[in-house]
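Engineer: What follows is a predicted protein model with its sequence.
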Amino acid sequence: MTDYHVTEHHPRLGVEVCKGNNLNHLNDDQRRELRHALWQHGVIVVRNQHLTALELERFARATFGDQILGGPVNHRLPPELRSEHVAVLGNPEGPVEKPVEHVACQWHHDKDALPRIDGLPMNALYVVMLHVHDVPDSGLDGRPHTTEFLDQLEAWRKLSPERKVALEPIHLLHQPPAFSPSSEPSPTKSHPLVSEHELIARKGLYMGSDTAIPTGMENDPVAARRFWHNLLDEILVLCQVYSHRWQKGDVVLWDNSQVMHCGKPYDALHCHRTGLRLGVIAREEASLRNKATLQHT
């Protein structure tokens, strides 16, 4: 992978919202403003929250709707970390060699069950939120513990006109993540590499992960993987990468139709991390479907 420029102060991603507010007590106007900020900025941050798993789920339902994609409940964990729709990341039960989220330490869009849901495009309004209760002192590189985000709308905007012409006809075949359990055969879902965000009327890339295969390369996985990684290297050179430095109590929300992300590894044998993760497919509202309102704000 190529070297790339990282910043904690991105011109678009990572804006802090709801300053001084408790997410348990937002009114309808505040929720609407939070959603608007997310669609405009791709990644938003709420500081100093202390939510249980059930409270995070209630916030997600009240703000985005009931179509939540969750994980299994670990009944060994304390009640405040248990909810049917909230996955617990990190090592809350003690030191481990590899925490469950180690698979996310590569660039990807969160997909979860999206390929299995009929009629839903891969770049649907799929919002993921991560709320950290405990944060490692540092990552494996000795620097503060971070997650990095790559703006796929900026990536498209910065490509040359000739490159855009070459990429626009391409479709990718996506599968559920390897860690997504199912007794059914893994389906594939075709989706354009270049697509328009359904609310803000701006084009961007949707790359999924490096298991995505361009149509026509189904029988050449080596070439497919090379295509994906070459494109990733190309846009990493063009874009600033937002690096979110985690603080205890952070809730970070991101719109997977706008950004890719990459977790940074930490020493799970000697550092403690507890995070609550939830994914929700945002409901559409008439006010949000007014693309002219959002396009240039």
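Structural biologist: Arrived safely, thanks for sending. Numbers count the residues shown, from 1 in each chain.
Engineer: which regions of this protein lie under the pLDDT threshold?
Structural biologist: 1, 179-184, 285-297 (pLDDT under 70).
Engineer: where do the helices sit along it?
Structural biologist: Ranges of helices within the chain are 28-41, 53-64, 152-158, 161-167, 221-238, 291-294, based on DSSP state H.
Engineer: Quick one: closest of those to D141.
Structural biologist: helix 221-238 (17.6 Å; C-beta to C-beta). Any C-beta I mention is one placed from the backbone N, CA and C, and that applies to glycine too.
Engineer: okay if I get the helices of the chain as CSV plus mean neighbour count and distance to V15?
Structural biologist: Output for the helices of the chain, formatted as CSV (neighbours: other C-beta atoms under 10 Å; distance: least, C-beta to C-beta, whole Å):
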stretch, mean neighbour count, distance to V15
helix 28-41, 17, 5
helix 53-64, 20, 16
helix 152-158, 20, 15
helix 161-167, 11, 28
helix 221-238, 16, 22
helix 291-294, 13, 15
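Engineer: I'd like those helices as a markdown table, with distance to A178 appended.
Structural biologist: Output for those, formatted as a markdown table (distance: least, C-beta to C-beta, whole Å):
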| stretch | distance to A178 |
| --- | --- |
| helix 28-41 | 28 |
| helix 53-64 | 25 |
| helix 152-158 | 22 |
| helix 161-167 | 26 |
| helix 221-238 | 14 |
| helix 291-294 | 35 |
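Engineer: right, so of the ones you listed, which gets closest to D112?
Structural biologist: helix 53-64 (13.8 Å).
Engineer: residues in contact with the closest one?
Structural biologist: Contacts with helix 53-64, where a contact means C-beta atoms under 8 Å, 6 or more residues apart in numbering, come from 23-24, 26, 31, 34-35, 51, 68, 80-86, 88, 127, 129, 131, 251, 276, 278, 280-283.
Engineer: again, only using 6 Å
Structural biologist: Outside of helix 53-64, the residues within contact range by C-beta atoms under 6 Å, 6 or more residues apart in numbering are 23-24, 31, 81-83, 85-86, 127, 131, 276, 278, 280, 282.
Engineer: same question, stretch 73-84
Structural biologist: So stretch 73-84 is in contact with T52, A53, L54, E57, V88, P92, going by C-beta under 6 Å, 6+ apart.
Engineer: In those residues, find the pair that's most separated.
Structural biologist: Spatial extent of these (C-beta to C-beta) is set by the pair E57 and P92 at 17.4 Å.
Engineer: So for R273, what's the nearest residue that isn't a sequence neighbour?
Structural biologist: Once flanking residues are discounted, R273 sits nearest to G90: 3.4 Å by C-beta to C-beta, 6 or more residues apart in numbering.
Engineer: how near is that neighbour to P99?
Structural biologist: Here G90 is placed at a distance of 6 Å from P99 (C-beta to C-beta, to the nearest Å).
Engineer: One more: I213?
Structural biologist: The gap separating I213 from P99 is 28 Å, by C-beta to C-beta.
Engineer: out of the two, which sits in the busier spot?
Structural biologist: Shown here are I213 and P99; by other C-beta atoms under 10 Å, I213 has more neighbours (24 against 21).
Engineer: which stretches of the stretch 51-200 of the chain form strands?
Structural biologist: For the stretch 51-200 of the chain, strands defined by DSSP state E, counting those that start in this stretch occupy the ranges 68-69, 87-90, 126-134, 146-151, 171-174, 189-192, 194-196.
Engineer: Include mean neighbour count when you put those strands into TSV, please.
Structural biologist: Conversion of the strands of the stretch 51-200 of the chain to TSV gives the following (neighbours: other C-beta atoms under 10 Å):
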stretch	mean neighbour count
strand 68-69	18
strand 87-90	22
strand 126-134	22
strand 146-151	22
strand 171-174	21
strand 189-192	17
strand 194-196	16
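Engineer: closest to I235 out of the ones you listed?
Structural biologist: Between those, strand 146-151 lies closest to I235; by C-beta to C-beta that is 7.1 Å.
Engineer: what's the span of stretch 235-252 from first residue to last?
Structural biologist: 23 Å (C-alpha to C-alpha, to the nearest Å).
Engineer: residues of it that come out buried?
Structural biologist: 235-236, 238-244, 246, 250-252 (16 or more other C-beta atoms under 10 Å).
Engineer: Output these in a markdown table; the columns should cover distance to L120.
Structural biologist: As requested, the buried residues of stretch 235-252 are exported to a markdown table (distance: C-beta to C-beta, whole Å):
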| residue | distance to L120 |
| --- | --- |
| I235 | 25 |
| L236 | 28 |
| L238 | 29 |
| C239 | 27 |
| Q240 | 30 |
| V241 | 28 |
| Y242 | 27 |
| S243 | 30 |
| H244 | 27 |
| W246 | 30 |
| D250 | 29 |
| V251 | 25 |
| V252 | 23 |
